[in-house]
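*Asks:* Next come a sequence and a model predicted from it.
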Amino acid sequence: MLLLLTLTFSASASEKLDVDKLFKQRCSLCHAINKKKLGHAIKTMSSEKEVLRQIIIKWKNSMPSYEGKLTSTEIDVLVNYLLANQ
């Protein structure tokens, strides 16, 4: 049982590092957690998962489309990151 918990923790830790890197590479130029930059602050974004997902996939206002540029998994990880940081 202890081994399973350790493996789960390790997977979560490595996923967090990946999403931090992904956010920095794809989002941080325009977005920050508490501060408006070119785009909205994460704290002021929609708290609806599907709304965030569609905004990332499709173009909205000055937000470029990431359809075909990010995998479905990367989009889901980013959406979860945004929700977790609101």
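*Replies:* Structure received. Numbering: from 1, shown residues only.

*Asks:* drop to CA atoms for contacts and neighbour counts, all remaining ones
*Replies:* Will do.

*Asks:* what residue ranges in this structure are flagged as low confidence?
*Replies:* 1-17 (pLDDT under 70).

*Asks:* how does it look with 90?
*Replies:* Applying pLDDT under 90 to the chain picks out residues 1-18, 59-63.

*Asks:* And the helices in it?
*Replies:* For the chain, the helices defined by DSSP state H occupy 2-26, 49-57, 72-84.

*Asks:* Could I get the CA-only coordinates of the last one as CSV?
*Replies:* Presented in CSV, the C-alpha positions along helix 72-84 are these (Å, rounded to 0.1, in the frame of the first residue of the first chain):
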residue,chain,number,x,y,z
SER,A,72,-6.0,17.2,-26.0
THR,A,73,-4.1,16.0,-22.9
GLU,A,74,-2.1,19.3,-22.8
ILE,A,75,-5.3,21.3,-23.0
ASP,A,76,-6.9,19.3,-20.2
VAL,A,77,-3.8,19.7,-18.0
LEU,A,78,-3.8,23.5,-18.6
VAL,A,79,-7.5,23.7,-17.8
ASN,A,80,-7.0,21.9,-14.6
TYR,A,81,-4.0,24.2,-13.8
LEU,A,82,-6.1,27.3,-14.4
LEU,A,83,-8.9,26.0,-12.2
ALA,A,84,-6.5,25.0,-9.4
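
*Asks:* Ser65 - how many residues pack around it?
*Replies:* 15 (other CA atoms under 10 Å).

*Asks:* Which residues are in contact with it?
*Replies:* With contact taken as CA atoms under 8 Å, 6 or more residues apart in numbering, Ser65 is in contact with Ile55, Ile56, Ile57, Lys58, Trp59.

*Asks:* Which among these count as buried?
*Replies:* Buried by 16 or more other CA atoms under 10 Å: Ile55, Ile56, Ile57, out of the contacts of Ser65.

*Asks:* Just give me the neighbour total for Thr73.
*Replies:* When neighbours are counted by other CA under 10 Å, Thr73 registers 9.

*Asks:* cool, the one 3 residues further on as well?
*Replies:* Asp76 is surrounded by 17 other residues when neighbours are defined as other CA under 10 Å.
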